[in-house]
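Colleague: here is the input, now give the coordinates:
(2 chains)
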Protein chains: 2
Amino acid sequence: MAPSPRDASPSLQQAMDDVTNDVNRTIERLLPETDLAEAQLYKAMRHGTLSGGKRLRPFLVLQSAKLFNVDPLRSRRVAAAVEFIHAYSLIHDDLPAMDDASLRRGEPTVHKMYDDATAILAGDALLTLAFEVMSDSETHEDPRVRCELVHKLARAVGAGGMVGGQMLDLIGEQQAFDLGTISRLQRMKTGRLMAFSCEAGAILGKGSENLRRALCNYAHDLGLAFQVTDDILDVEGTEEETGKDHGHDAQAGKATFVSTMGIEQARTRAEMLVEQAVRHLAPFGNRAETLKELARYVLSRRA
Amino acid sequence: MAPSPRDASPSLQQAMDDVTNDVNRTIERLLPETDLAEAQLYKAMRHGTLSGGKRLRPFLVLQSAKLFNVDPLRSRRVAAAVEFIHAYSLIHDDLPAMDDASLRRGEPTVHKMYDDATAILAGDALLTLAFEVMSDSETHEDPRVRCELVHKLARAVGAGGMVGGQMLDLIGEQQAFDLGTISRLQRMKTGRLMAFSCEAGAILGKGSENLRRALCNYAHDLGLAFQVTDDILDVEGTEEETGKDHGHDAQAGKATFVSTMGIEQARTRAEMLVEQAVRHLAPFGNRAETLKELARYVLSRRA
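Modeller: Numbering: from 1, shown residues only, chains lettered A, B, ... in the order given. Here you go, the predicted model:
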């Protein structure tokens, strides 16, 4: 079992649990079990997407879509697609050729459960499935909206975004980065997909440029805060709490926010980023209370 | 240098050279060199896409688009995107965890040139880039067309298509498949992307359902014929001719058309498939002469 988040307020916890249930049901529907000869591929894809996880990105999609009164049947599909992308990136990152992780969310990683080849293919198939779901007319009746979702997602997670960030991360094992490069790396590796997750709600709801920008700015600061606290947890958290190998980044000699600025300054930075994130949501007034709560929770989380 | 195809008629050879030049220029534009810290990722992506290759799939896109008088500026983008997909699949297939190939088109494979992690990421980024290009308004002004391209491409190359076929291929190393399963495997692994390449021209040109089906049928038979002759070349071709490790599939104990039906029957089968492929193009009359020539060339090729 994956560790459950702690210190979330009861209302935030309820909202997070609801998202997890919704997105799991949608993933189950989009990725059913099969008895085809290639069943192992589907099992690996399901293991990579249905073995717990915080569902942070789906949460951002569903909550931002709610601000524009988007039909949840639609936003859940986009939430699942975004989670497919996140899961694919974890499956590939965990491979022996990359981070070589054996544990994820308290369970064996996909390549440990099956083998490296299956893990590579499961990641490839999940990435592809995300685009299949996004471009399906069930996701939105307006092809303009579907195209924008596909295009912005692709830009967020390709060489100029998530994958480029992962490349930088690997280069960072051999080479000391300055704080600017670490920030750029994290914006690419984590921030872009988080920003897309928030913007997706506005795209589905045809929100104004102004409100889109507010959500993107929120997501960028949230993503960076999340990464800083991740670095702190990597040093301070126990394996039992985080469900993954402990001190992994430090052992790999990677430059992190903590290794560069020290743990106290990293904590201050995270607090500053969260405050900033919350301020970006001002245009939505009280309607964005849950997204604000989420930002504050990032500071207190233990996993 | 990659081996050049032999025994193509002068007019087919000219058409193939034109496609290679067009698609290389388009790839160069879509994937420029960079001096960013993550430059290695782009170098690997370029090595995987610009080191020769027959450009069969781009050829199918451009030739089928021509039947519908599609602006070449558009069809070239789709041709490049399809080649990104093909290149990504080769990069991942060549990894040590999969086929463990060190040579491709007479050059070191991407993971040999760089490392496994870079090869995994370069493949991921190319797959993503294909969808970015497809969904860009420069590819077609009608978002309905772009969405259909994205959706059909995703279905062709995901778990139900190319990736599923690759999974089956790996399972086939441990387990003897019958001819039906080998055909299904090849339809998924090679046929679906070839069929998409042909259908893409019709999608761009808003062709009728009837003509689309004709092109898909042509592509399916062509793809299967291509695979059968590939299996023959794997046994008979020299490394110098094919530019890849020789007898590789046979050594891996994979069930191929040749291992299942013998080389003579495989040759007869290829001939029958090519005849059938040519017949499917009847609705286009003389306009499809180049596509028919291509089908016949599959029988005589040496690489």
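
Colleague: where does pLDDT dip in chain A?
Modeller: Within chain A, the stretches with pLDDT under 70 are A:1-7, A:237-255.

Colleague: next up, phi/psi of the residue of it most remote from its centre, please.
Modeller: Distance to the chain centre peaks in chain A at A:Ala37, reaching 31.4 Å (criterion: CA atoms, centre = their mean). Main-chain dihedrals, A:Ala37, degrees, to the nearest 10: phi -60, psi -30.

Colleague: surely it touches B:Asp178?
Modeller: No: A:Ala37 is beyond contact range of B:Asp178, at 10.7 Å (criterion: CB atoms under 8 Å). Every C-beta, even on glycine, is put in place using the N, C-alpha and C of the backbone.

Colleague: for the closest residue to the residue farthest from the centre of chain A other than its chain neighbours, give me its contacts.
Modeller: Ranked by CB to CB, 6 or more residues apart in numbering or on different chains and with sequence neighbours excluded, the top spatial neighbour of A:Ala37 is B:Leu168, at 5.9 Å. Contacts for B:Leu168 (CB atoms under 8 Å, 6 or more residues apart in numbering or on different chains) come out as A:Ala37, A:Glu38, B:Phe177, B:Thr181, B:Arg184, B:Leu185, B:Met188, B:Lys189.

Colleague: then A:Leu222?
Modeller: Taking CB under 8 Å, 6+ apart, one finds A:Met194, A:Leu273, A:Val274, A:Ala277, A:Leu294, A:Ala295, A:Val298 in contact with A:Leu222.

Colleague: so who does A:Gly53 touch?
Modeller: The neighbourhood of A:Gly53, defined by CB under 8 Å, 6+ apart, consists of A:Ala2, A:Glu83, A:His86, A:Ala87, A:Arg105.

Colleague: quick check, nearest of those residues to A:Arg29?
Modeller: A:Glu83 (13.1 Å; CB to CB).

Colleague: check the offset of the longest helix along chain A from the chain's centre.
Modeller: Determined from DSSP state H, the single longest helix within chain A is helix A:209-236. Mean-position distance between helix A:209-236 and its chain equals 11 Å (CA atoms, centre = their mean, to the nearest Å).

Colleague: repeat for stretch A:96-104
Modeller: The chain centroid and the centroid of stretch A:96-104 are separated by 18 Å under CA atoms, centre = their mean.

Colleague: same question, stretch A:178-192
Modeller: Put simply, stretch A:178-192 sits 15 Å off its chain's centre (CA atoms, centre = their mean).

Colleague: buried residues in it?
Modeller: For stretch A:178-192, burial by neighbour count (16 or more other CB atoms under 10 Å in any protein chain shown) applies to A:Thr181, A:Ile182, A:Ser183, A:Arg184, A:Leu185, A:Gln186, A:Arg187, A:Met188, A:Lys189, A:Thr190, A:Gly191, A:Arg192.

Colleague: show me what contacts the closest residue to the third one other than its chain neighbours?
Modeller: Looking back up the chat, that one is A:Ser183. Nearest residue to A:Ser183, sequence neighbours excluded (CB to CB, 6+ apart): A:Leu224, at 7.0 Å. Listed by CB under 8 Å, 6+ apart, the contact set of A:Leu224 reads A:Ser183, A:Gln186, A:Arg187, A:Thr190, A:Gly191, A:Leu273.

Colleague: before we move on, back to that, now, the contacts of B:Leu168 that are in helices?
Modeller: Judged by DSSP H, the subset of these located in helices is B:Thr181, B:Arg184, B:Leu185.

Colleague: which residue comes closest to the last one once chain neighbours are left out?
Modeller: Spelled out, that is B:Leu185. With CB to CB, 6+ apart as the criterion, B:Leu185 has its nearest non-adjacent residue at 4.3 Å, and that residue is B:Leu168.

Colleague: now swap in the second one and tell me
Modeller: Once its chain neighbours are removed from consideration, B:Arg184 has its nearest residue in B:Leu168; the separation is 7.5 Å (CB to CB, 6+ apart).

Colleague: that's a strand at that neighbour, yeah?
Modeller: No: counting by DSSP: H, G, I helix; E, B strand; the rest coil, B:Leu168 is not part of a strand but helix.

Colleague: strands along the stretch 101-250 of chain A, start to end?
Modeller: For the stretch 101-250 of chain A, the strands defined by DSSP state E, counting those that start in this stretch cover A:103-104, A:107-108.

Colleague: any idea which of these is most buried?
Modeller: When these are scored by mean count of other CB atoms under 10 Å in any protein chain shown, the highest mean neighbour count falls to strand A:103-104 (a mean of 22).

Colleague: just checking: what are the partner strands of that strand?
Modeller: If you go by DSSP bridges, strand A:103-104 pairs up with strand A:107-108 (antiparallel).

Colleague: how distant is the strand it pairs with from the center of its chain?
Modeller: Distance of strand A:107-108 from its chain centroid, counting by CA atoms, centre = their mean, is 19 Å.

Colleague: now do stretch A:128-138
Modeller: Averaging C-alpha positions (CA atoms, centre = their mean) puts stretch A:128-138 18 Å from its chain's average.

Colleague: report the buried residues of that stretch.
Modeller: Using 16+ other CB under 10 Å as the test for burial, stretch A:128-138 gives A:Thr128, A:Leu129, A:Ala130, A:Phe131, A:Glu132, A:Val133, A:Met134, A:Ser135, A:Asp136.

Colleague: repeat that for stretch A:199-213.
Modeller: Residues of stretch A:199-213 classed as buried: A:Glu199, A:Ala200, A:Gly201, A:Ala202, A:Ile203, A:Leu204, A:Gly205, A:Gly207, A:Leu211, A:Arg212 (neighbour count, 16+ other CB under 10 Å).

Colleague: rebuild the contacts of A:Leu224 as TSV, extending it with distance to A:Asn21.
Modeller: Shown next, in TSV, are the contacts of A:Leu224 (distance: CB to CB, whole Å):
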residue	distance to A:Asn21
A:Ser183	35
A:Gln186	30
A:Arg187	31
A:Thr190	25
A:Gly191	27
A:Leu273	29
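
Colleague: pull the CA atoms of stretch A:144-151 into CSV?
Modeller: Output in CSV follows, covering the C-alpha atoms of stretch A:144-151 (Å, rounded to 0.1, in the frame of the first residue of the first chain):
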residue,chain,number,x,y,z
ARG,A,144,-9.9,23.1,-31.3
VAL,A,145,-9.9,22.3,-27.6
ARG,A,146,-8.6,18.8,-28.1
CYS,A,147,-5.8,20.0,-30.4
GLU,A,148,-4.7,22.6,-27.9
LEU,A,149,-4.6,20.0,-25.1
VAL,A,150,-2.5,17.7,-27.3
HIS,A,151,-0.2,20.5,-28.5
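
Colleague: now do that stretch: everything it contacts.
Modeller: Stretch A:144-151 has contacts (CB under 8 Å, 6+ apart) with A:78, A:131, A:134-137, A:139-140, A:200, A:203-204, A:206, B:131-132, B:134-137, B:143, B:146-147, B:150.

Colleague: done for today, thanks.
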